[in-house]
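**Student:** Show me the folded form of this:
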Amino acid sequence: MSSAVERLGEVRDRIATAEREAKRPAGSATLVAVSKTFDAADIRPVIEAGQRVFGENRVQEAQGKWPALKAEFPDIELHLIGPLQSNKAKEAVALFDVIETVDREKIAAELAREIAKQGKAPRLYVQVNTGSEPQKAGIEPTEAVAFVKRCRDTHGLAIEGLMCIPPADENPGPHFALLAKLAKEASVEKLSMGMSGDYETAVAFGATSVRVGSAILGTR
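**Tutor:** Below you'll find the predicted structure:
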């Protein structure tokens, strides 16, 4: 069976090919290696192979492994890609470099408060529920542009991108196209979209970062 490091190389190659096919500059889509459910020993070989951008779903789980790894590898960039509860905003601002799941007023207000208090400002994305799935986090597409504006004007947050997770049983292309359209309307530069099963499609639709877990680290 191939190792995580070999699979990392394969994913990087496929991203590079997708960039070329989309006539995009090399390196314009950042690989976020999703390390949720894996411990430091599993992640370390991938770090040592040069991967520096990682994604975690839960604040508490990330707190158990990343402070020590970040102390050892200070250039690591850590993304929160799972739903954020308002009572975890303090810990999230302290630990994460990027928070991709801002999706409601209460979270925006809490993040603004913590950023002011800690003097540390993670980069922020608004999560959009492009499939309007009731069980999924994210703001409705029809409300996304106005919400980005409120984050900026009311809460003083610098929103740099949008993120989505398309419905598992649908063609992701239209969802990626919708997110790209909303990003233009909201004047944001970054698009976090695409996972292990569809990251090459996401690159074709303009993703600036793709979140790939099982295709690198396997499944628990």
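**Student:** And the pLDDT for the closest residue in space to Ser28 that isn't next to it in sequence?
**Tutor:** Using Cβ to Cβ, 6 or more residues apart in numbering and skipping residues adjacent in sequence, the residue nearest Ser28 is Glu19, 6.0 Å away. To be clear about C-beta, it is placed using only N, CA and C from the backbone, and glycine gets the same treatment. Listed pLDDT for Glu19 reads 98.
**Student:** Which positions within the one helix or strand Glu19 maps to qualify as buried?
**Tutor:** Glu19 is part of helix 4-21 when elements are defined by DSSP states H and E. Judged by neighbour count (16 or more other Cβ atoms under 10 Å), helix 4-21 contains these buried residues: Ala4, Arg7, Leu8, Val11, Arg12, Arg14, Ile15, Ala18, Glu19.
**Student:** show me what contacts the fourth one?
**Tutor:** In this structure, Val11 makes contact with Leu31, Tyr199, Val212, Ala215, Ile216, judged by Cβ atoms under 8 Å, 6 or more residues apart in numbering.
**Student:** The last one now?
**Tutor:** When contacts are counted by Cβ under 8 Å, 6+ apart, Glu19 is found next to Pro25, Ala26, Gly27, Ser28, Ala29, Val203.
**Student:** measure it to Thr30 for me?
**Tutor:** 11 Å (Cβ to Cβ, to the nearest Å).
**Student:** Could you list the low-confidence segments of this structure?
**Tutor:** Low-confidence regions of the chain, defined by pLDDT under 70, span residues 1.
**Student:** What segments of it are strands?
**Tutor:** With DSSP state E, the ranges of strands along the chain come out as 30-34, 53-56, 77-80, 98-102, 123-127, 159-163, 190-192, 209-212.
**Student:** Can you add mean neighbour count and distance to Ala62 and give those strands back as a markdown table?
**Tutor:** A markdown table is the format used below for those (neighbours: other Cβ atoms under 10 Å; distance: least, Cβ to Cβ, whole Å):
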| stretch | mean neighbour count | distance to Ala62 |
| --- | --- | --- |
| strand 30-34 | 23 | 11 |
| strand 53-56 | 24 | 4 |
| strand 77-80 | 22 | 7 |
| strand 98-102 | 24 | 11 |
| strand 123-127 | 25 | 16 |
| strand 159-163 | 23 | 17 |
| strand 190-192 | 23 | 17 |
| strand 209-212 | 26 | 14 |
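**Student:** a markdown table for the ones you listed, including distance to Asp153?
**Tutor:** Output for the strands of the chain, formatted as a markdown table (distance: least, Cβ to Cβ, whole Å):
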| stretch | distance to Asp153 |
| --- | --- |
| strand 30-34 | 28 |
| strand 53-56 | 29 |
| strand 77-80 | 24 |
| strand 98-102 | 14 |
| strand 123-127 | 14 |
| strand 159-163 | 11 |
| strand 190-192 | 20 |
| strand 209-212 | 26 |
